[in-house]
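only geometry, no sequence info:
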């Protein structure tokens, strides 16, 4: 194979990216990846395609992607070499690599982070991209927070594997058909703890009482209740990330598109090899377990010196110290950082006690913290002001969160008012991306100055 990579010159390859996060697809069949490219664009990814003709990989952008998909139909045996070239091309960026293979059981552990075997739905690949990108972002932020706590707050932070690795716990929902039982038995032989629920009622009892690493649903004879359960899980904040898999007969199942739109992470043909089915279930379970473990590590970091006890958000001192480190680290790899300041105003026709006013402002902080990703930071900057930081997000992406904040404020009434005159909030906001030539203190100062001016264009009236 020729070690040839042709660069694609693009105006979007600026020092700090001005577009959505990029995913690069290396392929020998543009036709095969059309649906995947469309699915990724719906998820707000900037999709670039590098075509391999057997000799040269063309149109390779200069700016590093957040994920690389290797999707070959004729040249799968060239994957290792192509990945080595691309990783060298984008060094020192650590880019997750997703492989899509026309055949199962290929030995690709050394150069793929994950492999999906055709037939595979475009949304299944896109979900896998999301999982790997999210885990990578969380890992980077944990390392930065540890450094801030150690260097600026004198804390000794130890994140170690405690050596305890409990078995994966999988919930199976549906009738105990022979095909279903074969998979359950295969997983049990791998020391996987399995729980069976034969109805949707018992399934949700289990889901609300127990943490599962994945949910497998029997859709061999009928798509329900699998579709309804998957849809309901996506609407529940606690269950949203738990992967759902459908076991189907691919010759008769006609609801693949609907299943994926309802949140199915994988649709598995019951006639596939049992080892392949087990592997696909355990791979998703493993990613979910990793996400949960990272979440626990996030929640364990900090202490009184960096966390505001009343709001549960970071202190302004921590945010100022940490923001500088985050901005430097992201600009070094040409990734953006956006900051947003929010100023709160109480709105009630009746007099509100100081206690209720403080409680409303703090309650908003708790709600705000739950609106953002694990790798984002929220600080209680002043009594009536909060500062948010979004690493790896430009201003356009951060405004997606702003819309959620607006929705939260618009529909929330706080304790202290009355039925005829509820206590609500209005907000001013200022949002800005940290420029490559400025430090975080300057950006934060810019935001706070904008808030003092209280521009009417940034004013949201929350009460009717």
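Happy to help now that I have it. What you see is a predicted model; the values in this text were computed from it and never measured. Residues are numbered from 1 along each chain as shown.

now the strands for the stretch 301-450 of the chain?
Across the stretch 301-450 of the chain, reading from the start of the chain, the strands by DSSP state E, counting those that start in this stretch fall at 314-315, 337-347, 377-382, 385-391, 424-433.

any chance of those in CSV, with mean neighbour count too?
The C-beta positions use only the backbone N, C-alpha and C, and glycine is treated the same way. As requested, the strands of the stretch 301-450 of the chain are arranged in CSV below (neighbours: other CB atoms under 10 Å):
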stretch, mean neighbour count
strand 314-315, 22
strand 337-347, 22
strand 377-382, 23
strand 385-391, 24
strand 424-433, 20
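
contacts only, for residue 255.
Residue 255 sits next to 219, 223, 227 when contact means CB atoms under 8 Å, 6 or more residues apart in numbering.

closest to residue 20 out of these?
For these, the closest approach to residue 20 (CB to CB) belongs to residue 227, at 29.9 Å.

circling back to that earlier point, format the strands of the stretch 301-450 of the chain as JSON lines; extra columns: mean pLDDT and distance to residue 258.
Converted to JSON lines, the strands of the stretch 301-450 of the chain look like this (pLDDT from 0 to 100; distance: least, CB to CB, whole Å):
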{"stretch": "strand 314-315", "mean pLDDT": "93", "distance to residue 258": "42"}
{"stretch": "strand 337-347", "mean pLDDT": "92", "distance to residue 258": "35"}
{"stretch": "strand 377-382", "mean pLDDT": "91", "distance to residue 258": "36"}
{"stretch": "strand 385-391", "mean pLDDT": "95", "distance to residue 258": "33"}
{"stretch": "strand 424-433", "mean pLDDT": "90", "distance to residue 258": "37"}
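
need the ones you listed in TSV with distance to residue 116, can you?
Output for the strands of the stretch 301-450 of the chain, formatted as TSV (distance: least, CB to CB, whole Å):
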stretch	distance to residue 116
strand 314-315	38
strand 337-347	32
strand 377-382	33
strand 385-391	28
strand 424-433	34
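
compare the ones you listed and report which one is nearest to residue 72.
Closest to residue 72 of the strands of the stretch 301-450 of the chain, according to CB to CB: strand 385-391, at 33.0 Å.

give me the residues contacting the closest one.
The set of residues that contact strand 385-391 without belonging to it, under CB under 8 Å, 6+ apart, is 137, 140-141, 313, 316, 319, 322-323, 326, 330, 335, 337-344, 364-365, 368, 372-373, 375-381, 397-398, 401, 444, 447-448, 451.

which neighbours does it have in its sheet, and in what orientation?
Applying DSSP bridges to the sheet, strand 385-391 is found paired with strand 337-347 (antiparallel), strand 377-382 (antiparallel).

out of the ones you listed, flag the one nearest residue 430.
strand 337-347 (4.9 Å).

how about the strands of the stretch 301-450 of the chain, which one is nearest residue 256?
strand 385-391 (34.1 Å).

chain center to that closest one: distance?
In this view, strand 385-391 has its centroid 18 Å away from the chain centroid, taken as CA atoms, centre = their mean, to the nearest Å.

backbone phi and psi for the residue most central in space within the chain, please?
When the chain is reduced to its mean C-alpha position, the nearest residue by CA atoms, centre = their mean turns out to be residue 134, at 4.0 Å. Per-residue torsions, residue 134: phi -60, psi -50 (degrees, to the nearest 10).

helices along the protein, start to end?
If you assign secondary structure with DSSP state H, the helices in the chain sit at 34-42, 79-89, 122-153, 178-188, 200-209, 226-234, 256-261, 274-300, 316-332, 354-369, 395-410, 440-453.

counting by contacts, list what the longest one packs against.
Okay, so that is helix 122-153. Counting contacts by 3 or more CB pairs under 8 Å, 6 or more residues apart in numbering; DSSP states H and E, helix 122-153 packs against helix 34-42, strand 67-71, strand 97-101, strand 114-117, helix 256-261, helix 274-300, helix 316-332, strand 385-391.

partner strands of the fourth one, parallel or antiparallel?
Looking back up the chat, that one is strand 114-117. Sheet partners assigned to strand 114-117 using DSSP bridges are listed as strand 97-101 (parallel).

tell me the contacts of the residue nearest to residue 119 when sequence neighbours are not counted?
In space, and not counting its chain neighbours, residue 119 is closest to residue 250: 7.3 Å by CB to CB, 6 or more residues apart in numbering. Under the criterion of CB under 8 Å, 6+ apart, the neighbours of residue 250 are 119, 269, 271.

can you select the buried ones among those residues for me in PyMOL?
Of the contacts of residue 250, the buried ones can be selected in PyMOL as follows, counting by 16 or more other CB atoms under 10 Å:
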select buried, resi 269
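
out of the contacts of residue 250, who's nearest residue 260?
Of all these, the one with the least separation from residue 260 (CB to CB) is residue 119, at 12.8 Å.

ok, now how distant is that closest one from residue 32?
In this view, residue 119 and residue 32 are 11 Å apart by CB to CB, to the nearest Å.

also residue 196?
38 Å.

again with residue 91
Counting by CB to CB, the gap between residue 91 and residue 32 amounts to 28 Å.

these two: which has the busier surroundings?
Neighbours were counted for residue 91 and for residue 32 using other CB atoms under 10 Å; residue 32 has more, 16 against 10.

who are the contact partners of residue 230?
The neighbours of residue 230, taking CB under 8 Å, 6+ apart as the test, are 217, 244, 246, 259, 262-264.

repeat for residue 343
Neighbouring residues of residue 343 by CB under 8 Å, 6+ apart: 384-385, 427-429, 451, 454.

can you list the domains in the chain?
For the chain, automatic domain parsing gives the domain ranges 5-121, 169-299, 314-460.

quick one: closest of these to residue 151.
domain 314-460 (8.1 Å).

tell me the gap between that closest one and the middle of its chain.
Using CA atoms, centre = their mean, we find the averaged C-alpha position of domain 314-460 to lie 21 Å away from the chain's own average C-alpha position.
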